[in-house]
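Novice: Provide a 3D model corresponding to the input given below.
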Amino acid sequence: GKPEWDEAAGFSFLVRGDGSRSFGGLEFIYDDDYAVRYDFMFPIESKEWTKVTVAWDDLVPVLPGPRSKPLGKDSPNRPSKLSSLWIGKWWYWGEY
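Specialist: Next up is the predicted model:
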């Protein structure tokens, strides 16, 4: 992350799905601490390019723990401390 991220409301990206009813996912590591992770899932049903807009507080803390707090401008967990990003299609976000 960068200091400017703390002043932003969030971020956006473009995605083109595979047509399935599953979801794609983002997972951010916070402050190089793998015990503090934030996830966001998004539909990949459309095969057309689609813009996805994410507010910082849309990212969900995944693991319990004292540092797992909501992410955002007014939170002690600031967006500028995001240190890694994983992108994928999570197996547990599939069709049930």
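
Novice: residues contacting Leu14?
Specialist: When contacts are counted by C-beta atoms under 8 Å, 6 or more residues apart in numbering, Leu14 is found next to 49-52. The C-beta positions use only the backbone N, C-alpha and C, and glycine is treated the same way.

Novice: distance of Gly19 relative to Gly72?
Specialist: Separation of Gly19 from Gly72 (C-beta to C-beta, to the nearest Å): 33 Å.

Novice: okay, these two: which has more neighbours?
Specialist: The neighbour comparison of Gly19 against Gly72 (other C-beta atoms under 10 Å) goes to Gly72, with 18 against 10.

Novice: contacts only, for the residue lying closest to that one once chain neighbours are set aside.
Specialist: Distance criterion C-beta to C-beta, 6 or more residues apart in numbering; nearest residue to Gly72, sequence neighbours excluded, is Trp56 at 4.3 Å. Residues counted as contacts of Trp56 (C-beta under 8 Å, 6+ apart) are 8-10, 71-73, 79.
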